[in-house]
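Peer 1: Any chance you could fold what I've pasted below:
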Amino acid sequence: MFSYCADPDTLDRLAWLSCYLTTGKHMSFYASFGTVLLLLAVTAPLALGFGFGAAAGSRSHLVPVKWLSNLYMAIVRGVPDIAFFLFFVIALDQGLEWMRHQVLCSDWDQPIRQGNDFVVCAAAKLPQNSAPEVYHQIYGFALAVLTFAIVFGAFAGNVIAGGFKAVPHGQIETAESYGMTKRQTFWRIMVPQMWTYALPGLSNLWMVLIKATPLLFLLGVEDVVYWAKELGGTKTARFTDYPHGDWRMYYFFGLLLFYLLFTKVSEIALSRITRKLSRGQATAAGEAMRKAGAGA
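Peer 2: The predicted structure is shown next:
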């Protein structure tokens, strides 16, 4: 990064540290924080969509839709996250390659399952072996996002379903007495008020999602945990220009501070959203705000 970094052996401690912290691997480490934030930015709305669909489906009058929605929420909630992550990513990857294999390699005369190996033709591989490395990274990240969304969507579905049940039934009856259809009642009365009741649970789920991002490391994505482990391990002069001892404690302490700061910012933002949604609502928080306004 700096011109004086050409010969690390001649540097004093501060200059050595500045060169060490600006190596290419450290730049990848800093970029991996963006990977975590991108995961959260994409996964959160996607998981919310899965959850809303599951919660709405659980209230459907169509038995198959109601059954599938409840089954989805029950199965995902009942399986440990780490087991689901490791299973689903492999199953989805092989399922996509199997479908491509059936279309692109119809003349294949060998079994796909060969012992413990899953073998498809070269044209069916995702991504192609000749594809640039960035394609492999994007593909792995996309699988991770979808897996996160499915897992946390099931939990969000239960929270949102509880929010629907918390909407006072008298308001639904009032809407019906005014001639609203079930669809109008759902979208105009239930959905707007449901968020007020569901937000506390969804806020907790957001915190859990933040803490779950290190699972990216298990999915083969080069995230902050991967780079902290890679850079913090003992390095000798034989393998690097910047040898050092076991510094993993310092790197993971940095991650601890990052996650604490991020959760604190999230708490502040969620608290403001909760106050905004509670204003004028027939909830404990809304009633407290009304009394505070009346007292002022």
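
Peer 1: quick one: contacts of stretch 169-187?
Peer 2: Identification of contacts with stretch 169-187 by CB atoms under 8 Å, 6 or more residues apart in numbering yields Ala56, Arg188, Ile189, Met190, Gln193. In this view, the C-beta of every residue, glycine as well, is placed from N, C-alpha and C.

Peer 1: Of the residues you listed, select the buried ones using a PyMOL command.
Peer 2: In PyMOL, this line selects whichever of the contacts of stretch 169-187 come out buried by 16 or more other CB atoms under 10 Å:
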select buried, resi 56+189+190+193
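
Peer 1: Which ones among the contacts of stretch 169-187 lie within helices?
Peer 2: Counted as lying in helices by DSSP state H, out of these, are Ala56, Gln193.

Peer 1: Tell me the one among the contacts of stretch 169-187 nearest to Leu209.
Peer 2: Ala56 (21.1 Å; CB to CB).

Peer 1: shaky segments in this protein?
Peer 2: Filtered on pLDDT under 70, the chain yields the residue ranges 1, 239, 279-296.

Peer 1: all strands of it, in order?
Peer 2: Counting by DSSP state E, the chain has these strands, from start to end: 113-114, 117-118.

Peer 1: Determine which of these approaches Gly140 most closely.
Peer 2: strand 117-118 (16.8 Å).

Peer 1: next one: the closest one to chain centre, how far?
Peer 2: Remark: strand 117-118 is offset 29 Å from the chain centroid, using CA atoms, centre = their mean, to the nearest Å.

Peer 1: ditto for stretch 160-174
Peer 2: 29 Å.

Peer 1: do stretch 253-266 as well
Peer 2: 16 Å.

Peer 1: next one: stretch 97-106
Peer 2: 30 Å.

Peer 1: one step back: would you point to the one among the strands of the chain that's packed deepest?
Peer 2: Ranked by mean neighbour count, those are led by strand 117-118 with a mean of 11 (mean count of other CB atoms under 10 Å).

Peer 1: ok so, going back, now tabulate the contacts of stretch 169-187 in a markdown table and tack on distance to Thr236.
Peer 2: Shown next, in a markdown table, are these (distance: CB to CB, whole Å):
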| residue | distance to Thr236 |
| --- | --- |
| Ala56 | 58 |
| Arg188 | 67 |
| Ile189 | 67 |
| Met190 | 63 |
| Gln193 | 62 |
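
Peer 1: of the contacts of stretch 169-187, closest to Thr213?
Peer 2: Distances from Thr213 to the contacts of stretch 169-187, taken by CB to CB, are shortest for Ala56, at 27.6 Å.

Peer 1: contacting residues around that closest one?
Peer 2: Ser69, Phe186.

Peer 1: Met27: neighbour count?
Peer 2: Applying other CB atoms under 10 Å, we find 12 residues neighbouring Met27.

Peer 1: if I look at it, how far off is Trp227?
Peer 2: Counting by CB to CB, to the nearest Å, the separation of Met27 from Trp227 is 10 Å.

Peer 1: Equivalent analysis for Val208, please.
Peer 2: The span separating Val208 from Trp227 equals 23 Å under the rule CB to CB.

Peer 1: Which one of these two is surrounded by more residues?
Peer 2: Taking other CB under 10 Å, Val208 and Trp227 do not tie; Trp227 has more neighbours (22 against 12).

Peer 1: now, among the contacts of stretch 169-187, which is nearest to Gly140?
Peer 2: Set against Gly140, the nearest of the contacts of stretch 169-187 by CB to CB is Ala56 (31.3 Å).
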